[in-house]
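>>> starting from these lines, generate the structure:
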Amino acid sequence: MCGRYSMTQDARKVSRRFGVRKPPEALAARYNIAPSQDAPVVLDEGTGRQLRLFRWGLVPSWAKEASIGHKMINARAETVMDKPSYKIPFQRRRCLALADGFYEWRREDGLSAYEVSPAVNSPANDTPACLEPVPALF
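Modelled structure (predicted):
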């Protein structure tokens, strides 16, 4: 996973794609979602799918300060069930984090970012291809 990503797709289109029962009127395009910011997710709490904003970052139950959530943004797939901080959220609190691009970093005369995204506006692909289910670590 990355440290920054984007979600620029129309709320109604995304809601149709994932069967959200009451789509929001609008979802502002976001080009630089960072840890600790609210980010769009699709979740189902037993009453049908919803599109909501959740804070990106995990604050474990044992944490004394919420600021630890800024650091706990990525879980490794091969160890997520072994790490106490991620195990219960991974088992019980999942959602679909919506993204249509992410940023990678390179060092060339300093640090610079470049965006990686699919061709979402092509006729063959009118919905985000980079949408990936992840545990609700917001």
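>>> quick test: name the residue nearest the centre of the chain.
Ala97 (3.1 Å; CA atoms, centre = their mean).
>>> surely it is in contact with Leu43?
No - shown here, Ala97 and Leu43 do not form a contact pair, counting by CB atoms under 8 Å, at 9.9 Å. For the C-beta atoms, the positions are set from N, CA and C on the backbone; glycine is no exception.
>>> any common contacting residues for the two?
Residues touching both Ala97 and Leu43 (CB atoms under 8 Å, 6 or more residues apart in numbering): none.
>>> so how far is Leu51 from Val59?
22 Å (CB to CB, to the nearest Å).
>>> so which of these two has more stuff around it?
The residue with more neighbours, out of Val59 and Leu51 and counting by other CB atoms under 10 Å, is Leu51; that gives 21 against 17.
>>> on the strand side of things, show who the more buried one bridges to.
Val42 (DSSP bridges).
>>> is it true that it touches Pro24?
Yes - in this structure Leu51 lies within contact range of Pro24 using CB under 8 Å: 5.8 Å.
>>> touching both of these two, which residues are there?
The contact sets of Leu51 and Pro24 overlap at Ala11, Ser15 (CB under 8 Å, 6+ apart).
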